[in-house]
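Asker: give the three-dimensional model of this entry:
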Amino acid sequence: MPKFSLSLDIGKSRTQASLFAQRDGAWAVESVASVPTVIEGDSSRFRENIQDLLSQVEREGNVRLLNDRGQLTDLRRLEGAPDFVGLSLSAGKPVRTALIGLSEDYSIAPLRRLVSLFNCEVVLEVNLQENLNATAQLERLVTSDVELYVIGGGANGGASKTLKAAIENLRLVYHLIPKTIRPQIVYCGNQRLADYAQSEIEAGLDMHLASNIQTTLGSEDPSLVWKAMLAAFERLRIQQIPGLAEVVGALHASVIPSDFSAARLVRFLERSSDNGKGVLMLRVEPDSVSVIAAWDQKINGVCHRFALNESALEAARGFSTHVTDPNSFATYAHNRSLFPFFTPATLEDLSIEHALTRLRVREALNALQSLDGDFGYNPSLGLTRAFEPIILSGSEACLALPHQVLMTALDGILPHGITTVLQDERELLTAMGSLAPKDPLLPVQVMDAEAFTNLATVVTVDTPAAEGQKVLQIEVNEGEQAPRLFHKVQMGELKRIETLRSGKTELYLAPEDESDVGMGLRGLGGWIGVMASKVGVVIDARGRPLSLPADEAARAETLRNWLWELGG
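Answerer: Down below sits the predicted model:
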């Protein structure tokens, strides 16, 4: 009898169940099923929606998830039920969040980075160094309609007067403003005031204490606060989504944010890698782009929602492979913002969709750069820090062909050096992240065997050469029985080299003296081995920033030619 684990991810548009089975000590994907997400209405609609999903999983796998009447029940009473269930959630509006801290650099900025993985929208920041009087501070707290308050700042044992005053104001806000959904409070500041904050505010289970996010002056460790943030997130979502409490109780699961769940795996991949590079994940959804990046033993993320305005529309139109008049482009974009989950109907619609995705990815990366200046992204030069692999996920990526997914990602990210681009086609990263604490072996074995699709290996040529000059020579070795192939790459070119359908293809990169291909020095080359992939090896010698013709028709033709080179 196999051992089962089940993950539910309640997304913005679809709820996915991923069932994993362990046979002979090895974990593998048993089945994946999904239904449209339903979180509006009474608790019965949500419960029935989850029951429909679990019924699908039961039919596809030899596992018990419902009682004999097909209804949700205590999972532990069912023979043949999964041992563990993980539950992640990105559905619902972002959590309206207030950050309260002693200073911008040592309190507010670390708190921004902390809440970015918890589906939060920061609607209020109270910097106590601004010396607001108690009345003005209270007015800001009262009028912001906040669901989550996060208080940080101050070294342990340090000055506490201004922080005490903020805590006293928060007591008034919590107790005097009538709310159907009780706000949550996370305290991660000066530990001398932790007990005072708990006793003064008297918020009971709505108060979550954590260690100081500021470990030493100028150093932060958000992982010290994750447990408190998870508890606050779960209590809020259980209040906000009718029926969620019943599902959580029946499945004996905890609710975690989907981005946080995925971040667990991104962090694990970075820490277990020996290539010295970071790991980057982009989840592209119709209404948002999540970027999660781990490097140098730290992790940050952002969920960016695209703001549609005139300048954004004009910038996006510059990435379209079709010449589209501004009014038609704007009409499609505005309709899409109203109905984000519809599918493009024509080639022109598809070109607009991909153009918008390019810009949305760039804006999301730039948002993470604003959150953490060490990320290494520049809107013109692209991603200057080395990341490998880059993992693409989300429903938008699943709707496009492999070469289209890669093209929009390349133009959005503009990577440097050598990297592998993977696609999380079945969106298993979030599922595995929710189960990793229960059985750390599960994600390791599934990722080794079947989690990701190898989309391409990308080699970016960084060179000061002029357009048309030779920048790189490539020798391709496909084995002893095949003749050696040679390719010349010129500045301004995007070239695709096919790889063997199975096994490893070896390439020798011989850059010109001024060309950097990610080997550590300009002019330094060498052999690289690449595994089979959907698109192959892509040599990007287009330069940074991308050089596109000013003429609209010529620009669209250039973008079409690049897309054609990758696969049509």
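
Asker: name the residues that touch stretch 236-245?
Answerer: Contacts to stretch 236-245, defined as CB atoms under 8 Å, 6 or more residues apart in numbering, come from residues 39, 41-47, 50, 89, 91-92, 95, 147-148, 180-182, 184, 248, 255. All C-beta atoms are positioned from the backbone trio N, CA, C, and that covers glycine.

Asker: now do 6 Å
Answerer: By CB atoms under 6 Å, 6 or more residues apart in numbering, the residues outside stretch 236-245 that reach it are 39, 42-43, 46-47, 147, 181, 184, 255.

Asker: how much space between Arg47 and Thr15?
Answerer: Between Arg47 and Thr15 the distance is 12 Å, computed by CB to CB, to the nearest Å.

Asker: more neighbours: which of these two?
Answerer: Thr15 (23 against 19; other CB atoms under 10 Å).

Asker: any idea how far that one is from Leu89?
Answerer: Thr15 is 9 Å from Leu89, where distance means CB to CB.

Asker: let me see the mean pLDDT of stretch 510-519.
Answerer: Taken as a whole, stretch 510-519 carries a mean pLDDT of 96.

Asker: swap that for stretch 452-464, please
Answerer: Stretch 452-464 comes out at a mean pLDDT of 95.

Asker: can you give me the buried ones in that stretch?
Answerer: The neighbour-count check on stretch 452-464 (16 or more other CB atoms under 10 Å) flags 452-463 as buried.

Asker: residues of the helix or strand encompassing Ala17 that come out buried?
Answerer: Assigned by DSSP states H and E, Ala17 falls within strand 14-23. Across strand 14-23, burial judged by 16+ other CB under 10 Å covers 14-22.

Asker: hmm, who's touching it?
Answerer: The contact list for strand 14-23, computed with CB under 6 Å, 6+ apart, reads 2-9, 27, 30-35, 37, 53, 57, 61, 431, 442.

Asker: alpha carbons only: can I get it in PDB?
Answerer: The C-alpha trace of strand 14-23 is given here as PDB (Å, rounded to 0.1, in the frame of the first residue of the first chain):
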ATOM      1  CA  ARG A  14      -8.200  27.800 -10.000                       C
ATOM      2  CA  THR A  15      -7.800  25.500  -7.100                       C
ATOM      3  CA  GLN A  16      -5.400  22.700  -7.700                       C
ATOM      4  CA  ALA A  17      -4.900  19.400  -5.900                       C
ATOM      5  CA  SER A  18      -1.600  17.600  -6.300                       C
ATOM      6  CA  LEU A  19      -1.400  14.000  -5.000                       C
ATOM      7  CA  PHE A  20       1.900  12.400  -4.300                       C
ATOM      8  CA  ALA A  21       2.600   8.700  -3.700                       C
ATOM      9  CA  GLN A  22       5.600   7.000  -2.100                       C
ATOM     10  CA  ARG A  23       6.300   3.500  -3.400                       C
END
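
Asker: that one pairs with which strands, and in what direction?
Answerer: The pairing partners recorded for strand 14-23 under DSSP bridges are strand 3-10 (antiparallel), strand 26-36 (antiparallel).

Asker: will you turn these into CSV that also has mean neighbour count?
Answerer: CSV is the format used below for the strands paired with strand 14-23 (neighbours: other CB atoms under 10 Å):
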stretch, mean neighbour count
strand 3-10, 24
strand 26-36, 17
